[in-house]
Each structure stands twice: as structure tokens, then as C-alpha cells.
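Visitor: build the 3D model from these lines:
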Amino acid sequence: MRDETVQTDITVIGGGLAGVCAAVAAARLGRTVALVHNRAVLGGNSSSEVRVWVCGATSHGKNRYARESGIMGEMFAENQYRNPDGNPYLWDLVVLETVKAEPNIRLFLNTDVHETEATGPEEERRIASVTGWMMGSERRIRFESAFFLDCTGDGLVGFLAGARYRIGREAKHEYGEEWAPDTADDITLGSTILFYTKDAGHPVRFVPPSFAKDIAKTSIPMRRVIRSGDSGCHYWWIEWGGELDTVHDNERIRDELWSAIYGIWDYIKNSGRFEAERMTLEWVGALPGKREYRRFVGDYVLNQRDIMRQEPFADRIAFGGWSIDLHPPQGMYAGESGSKHMYADGVYHIPFRSLYSANVANLLFAGRNISASHVAFGTTRVMATCAVIGEAAGSGAALCAELGMTPSELAQGRMTELQQLMLKQDASIIGLRSEDAADLARQAKAEASSALRRLAAEEADSEYPLASDVGQLIPIDPKLNGLELLLSASEPTALQVEVWDTGRAENYVPRARKAEVLVNVPNGEKQWLPIPIAWEPGEAQNAFLIVRANDRITLYPSASPVTGVLPFYSDQVDEQARGSITDGKPQPLLDWEMNRMGRRPFCFRIAGESNVFAAERIVDGYHRPYGQPHLWVSEPMQDGREEWVSLTWAEPVSIREIRLTFNDDLNEDLINLHHHRTPFDVMPELVKDYRIEAWQEASWRTIAAERNNRKRHRVHRLPKPIEASRLRVVVESTNGGKRAEIVEVRVYG
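Guide: The predicted model follows:
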């Protein structure tokens, strides 16, 4: 046996997506990091060992402009390019290479941490070290750091250090939560094992093992969806153990899940109810994917009311958007639906105070073990949300190490510093704008070769009978003063059109009606109908246009997307289905969807010119859509014409670093494995080829250039500073989009 000691600024225990993003965030901010993981591959429940798809704030496309940016966004985009078929092993590589790209990270795989050295009284403890055993190498490794991040999911490190925690469900009265039980208990969400199938191309027999369950004798065939050809996360409902201890009973839970899986496959193969003669098992998981165990107690406990109210915490450092998704304790054997969901009207915010221990001074945490109630945990637990929480915790730890203060002290006095640091890194924060005094671009005047002033989509590619209400989100600045719709009418009729606001700037569903008009429509094919509807809100924002159902009207979707313009359809969820989803309560996110519309807005023309995409948007401080798209968009790049956006200072400035954020359509939902795939491997709107030029000696000189770009956030550090009074980014081509689109330009000396 070999004893070793590893000393770094920060130790991250747990290599799921939360731990990976925490380690990468801290390393990029200049801290040395030990990333310690007890499995052979990174990724946790998303890895090839478990194969749960990575869900997040988009909630399978229900939330708009909600895809995660920052480190999680980088991995989503890289996986989209490298792995469009959702191969779990290629996803492993994307995660691994994200870590290996950081020279400040020392990675320790197959290393199980099971000892924690902590000192001090119960309310003021501090971790000195953690120790782990590297399996297969006979190495006992002691990790010493100033700060420790427990990203283990189960919370073992914090538990061993004496950090306060909760297991199970809080009582309703503790946080005033509607979905909490009247009395607290120790019930959790259960664990899941998945399986993959494939068509072997020839008949395959299946002889079930002796321990396979006869599921015909259970409620599973009546209560759950079983189909030949489905595999992976289609069987998320193979869940059990919520009434047990999901850690100490892990082996028992695994055996029960295996018995169910082989019983389900026996039912598919041998019951005669399915066409499965050529189907065979390709893979069955061996590790239960845990959903819930310890949740630590921080300076704040996130709860159901915060989620549903979308509480705009002053210390917000991440966002989520998955529904509050809770499952019955009996799991797959429950008589009721396998899950019930409660949706806020848009994304919600997560406070930094929920990411560190209330009683262990140098302990932070990220993932499913953060300081949240059981009900709130029902949404924060999904992996892309865990990942952005990880980036926030890692960034916070790095700043604490730099400033020599605890996370609690940081939260009380230096939160703006952390938030601004994260915004600079393109992290997943919504509603905060840059106030970075070091960013020279904020002092410059922005100009562009052109800007999209006329909002329209005029090229029809299909028909859409107006059998139910439809909507269209349109950014307006400064006002809406009429529009036209392309439509056909089978006979003379009247069309009702309304304009609504969205309430909160992070929301994209109608909140309050601001104007309405009833327009007479003559009989005719493909006519542009003027809609004399007006709204002057006083500030730039999104307008939600509703066109009410009329079975004599046909609208026309366009194959040409327009950034910031989103089409919606209203499919009223029947009451029986709603009851199983949301306890029967109205949920606007369910009433207004756009998944089957994709990137095809209804053909329209807005009257007058718009300032929505002016050049100054690149320095307005917002790096994500928030009430408006917040980006510069050029006119169409016809005949290979280049487009540019420039910054001009009154006096020359010293330039050493340029940070660019391009539009990669954060409205597009990406999934790492097999839920769905996009028709493109790189976002079409992304700038592909570009160069950065500085005005020197009375001419433009290229100081940086990029070819075949497929990244949203690019950082260009010059070998040595240059002096210039003008700087511009020249867009030579895109990855398929018609226009040049840039979200933000930052310049540092």
C-alpha cells in the first residue's frame, strides 16, 4: 500500500456533472483543484454506467431560451457535434475531455473517499482533509485543501464532517409547501436501473433468469407504458426504494430493479403481446441511479414557494426550469401515475446561500444534495441544473480562496463580485447585467455595418389550419403599431387577435392582455391581412400575439426563422391528463407549446422599423435573452457579404483580451443521449468564420481570427497588449444562418 498526500486549493469530491463543472469553473479561475471520483468514468448518472439523459431548465422544450450556458452549455454543444446519435460512450469522452483540458485539475478516478478530518465545535467546524482509497492501485490518498466541495450526491463527505442535513420529506408547515405531507417522514424518491435493446436482425430467444419477476402478477402492465423497441430513459419509471434507505439498502434495491427489468423483458419477449422476435438486450445497468438521499442545510433552504414565485434572489447564481417532479414512494408498484409535475411560469432562480454548509465553514456542495426542501429538490435534482449549480459552487470556492474568506462571508458582503465573475464566464444566470468596470467595451460606442430593422417572415413552406389558438412571441422596441399575417380564408369571416405581455422578463407565456382587435377577413388564398393592433409598453420587451381559433382560416409557417420570434400553439390538456400531471391546476407552460413548430414562425410582417437588434445591444450588459433577445443581428448576408460590429473609444486603449459571445439559439433543446436529435450538428446562427481587427496606423489590422467555430463563448488573449481606438469583429460566414449575430463583446486591458 502507498500513502500519499495531495495539496490543492480546492478538493471536489464527486465526478458527476455537478462536480465536473465545479472543478472546471474553479480551475479556469486560477485555482488548483483535485477532482476525486469513485468510479472509472465521469458523469455520474449521465455516464455510460447509468445512462440517464441530461435534462435541465428547458424541461424538454417547455421553457423558452432556457438551455444552460457556461460549462454545461459547452458540453451540450460539443456533444451535439461529436455525438448526434447519443452514444453513451462518446458522451463519456466529452465530459472527460472537458476536465482534461484544464491544467489546474488533478483527476483521481476509482478513488472512494471514506474518511474526513474535521475540527471545531458543532456550529463552527472546518474540514482539514479527506482520505480516499484508489481501487486497483492500492493507493491511500489524503487530500488537503482550504475548501472542499461535496458533489457526491449522497453527501457522505459533509455527513462525516458533521454538516447538518435532512433526509426525507419536511412537514407542510415548515415552509408552507402545498405538496409537502402534513407530517415529516423519511420517504425519498427511489432509484432506477435502465436497459438498452436492439434489433439483432434475426430471431433471438430470451430465457429469463430464475430471479426475474412475473410482472403480470403486478400492477406494472396496467399502470406503466411498455413497448417493444423502447429502451433507456423511456423506462425512467422502473423505480423502487423510496420507502427504504436508498444508501444502506442499495444492494437490495439493485436486486429488485434487476428482477423487474428481466421480468419486463420476459414479458416483452415471451408474452406474445409484442413484435419482439428479433429484439435482444444490448445492455442492462448494474448501478442504481439514485435520485435522493441527504440534503445539506445551508444559510437558506430553497422551497416550493420560491420555485413557483420565481423568487429573484439578490444572491442568485444559477437557474432551473424543470417541473417540481415528485414520484410515489412505491415507485413502479404504485397504483397512481409514476410522477406528478408542477410548473412555474418560467425559469426560477437558485441562491448562493443554498450551496454551502451552515455549520462547516469551508464546505460547499452542488448537485442533488444542496440546501433545498424535498419538494423543491423535485426540480433542482435534474442533472443540467445540478451542473450549473456546480459551476456556481466552484466559482464561489475559487473566489473564497482568492479573498481568504468563507462562503458565508462571501454571501454577506461580496456577492456582486461573484455574480459579475460568473457573468464574465457566460454562466447560467438570468436577469443580471454586467457591471464590470474593467470591461473597456462599456466605455465605447458600438456601431455596425447593418442591423436588422424590419421584423418579418415571408416565405411560407406549409399550411397550418387554425383549429386552435396560436401565439407568436415578437420582441418590440419601442412599440407595436400594427402588423400583417399571411393567411387564407375559405369564406368571409372575422379574426380575433390579441396582444399580451409576459409579466416577468424571464417568462414566455401570456400574462396580461394589453390590446385586442376583431378583423374582417375576406375570402381568398394567401393574402396579407393588415392587423391594426397597437401597444406602446414604454420599454423594450416581448409581446405575445394570440390569434384565436377559426376553422375557416389557414395560417402559413415559414421555413426562415427570425431570432427572437417564437411560434406557439395552444393544446388544451384534457382534465384527466392534467390531473395526473399537475393536480388539475392551470399550467401556462402546458397550454402554450412550440415543440412541433420548431424553428418555423407563422408568416408575419411588423409595421415600421425596430431597434431590437441594434449594434449597442452587444454592450447592454446582458448575455442571455431577458425580456428581449439582447444581441446584434445584421441584415441578411447576401452574396457572401461580410458584416461587422465595431467599438470606438474617444482615446486609444490598451487591449490584451477580447471575449465574444455568439448566438447559439438557447431556445433549442439539446439532450446528450437519445431523447431527440436536432437536424444540424452546429447551431446555424453561430458565427463560423470571423476575424478581429484593430484600427492601427490608419488601417484595419487583423489581430485574431477563427475558422470553423462551433462555440458560443470565445476568449482571445493577445500575445502582448496593443493600443487602439477602434476594434471590430468581422463576420465572414455562419454555420447556416442568414445573418451575423453577436450577443456580447468584452474587451480587457
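
Visitor: let me see the contact set for residue 571.
Guide: Contacts for residue 571 (CB atoms under 8 Å, 6 or more residues apart in numbering) come out as 468, 591, 593. Any C-beta I mention is one placed from the backbone N, CA and C, and that applies to glycine too.

Visitor: please report the distance of it from residue 96.
Guide: According to CB to CB, to the nearest Å, residue 571 stands 41 Å off from residue 96.

Visitor: got the contacts of residue 571 as a markdown table, with secondary structure columns?
Guide: Putting those into a markdown table (DSSP: H, G, I helix; E, B strand; the rest coil) gives the following:
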| residue | secondary structure |
| --- | --- |
| 468 | coil |
| 591 | helix |
| 593 | strand |
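
Visitor: just give me the closest of these to residue 136.
Guide: residue 593 (48.7 Å; CB to CB).

Visitor: the stretch 1-150 of the chain: strands as residue ranges?
Guide: Per DSSP state E, counting those that start in this stretch, the stretch 1-150 of the chain carries strands over the ranges 2-7, 10-13, 33-36, 105-108, 111-119, 126-134, 139-144, 147-150.

Visitor: quick one, which of the ones you listed is nearest to residue 64?
Guide: Of all the strands of the stretch 1-150 of the chain, strand 147-150 sits nearest to residue 64, with 31.5 Å by CB to CB.

Visitor: from the chain's centroid, how far away is the closest one?
Guide: Relative to the centre of its chain, strand 147-150 is centred 23 Å away, using CA atoms, centre = their mean, to the nearest Å.

Visitor: tell me which residues touch residue 695, please.
Guide: With CB under 8 Å, 6+ apart, residue 695 has these contacts: 701, 724, 725, 726, 727, 728.

Visitor: wait, residue 128 sits on residue 142?
Guide: No. The pair residue 128 / residue 142 is not scored as a contact, 9.7 Å apart, by CB atoms under 8 Å.

Visitor: ends of stretch 611-619, how far apart?
Guide: 14 Å (CA to CA, to the nearest Å).

Visitor: next one: stretch 51-64
Guide: Using CA to CA, the two ends of stretch 51-64 sit 26 Å apart.

Visitor: return the distance of that stretch from the chain's centre.
Guide: When distances are taken as CA atoms, centre = their mean, stretch 51-64 is centred 7 Å away from the chain's centroid.

Visitor: related to what we said a few turns ago, and of the contacts of residue 695, the nearest to residue 528?
Guide: residue 728 (37.8 Å).

Visitor: which residues are contacting stretch 473-481?
Guide: Against stretch 473-481 from outside (CB under 8 Å, 6+ apart): 64, 455, 483, 499, 502, 508, 533-537, 540-545, 564-566, 568, 604, 606-608, 610-612, 628-629.

Visitor: which of these count as buried?
Guide: Among these, those classed as buried by 16 or more other CB atoms under 10 Å are 64, 455, 483, 499, 502, 508, 533, 535, 537, 540-545, 564-566, 568, 604, 606-607, 610, 612, 628-629.

Visitor: inside strands: which ones of those residues?
Guide: Among those, DSSP state E puts 483, 499, 533, 535, 541-545, 566, 568, 604, 606 in strands.

Visitor: any chance of CSV for these, columns distance to residue 705 and pLDDT?
Guide: Formatted as CSV, these follow (distance: CB to CB, whole Å; pLDDT from 0 to 100):
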residue, distance to residue 705, pLDDT
483, 41, 98
499, 44, 98
533, 46, 98
535, 44, 97
541, 37, 97
542, 35, 98
543, 39, 98
544, 41, 98
545, 41, 98
566, 33, 98
568, 40, 97
604, 37, 98
606, 36, 97
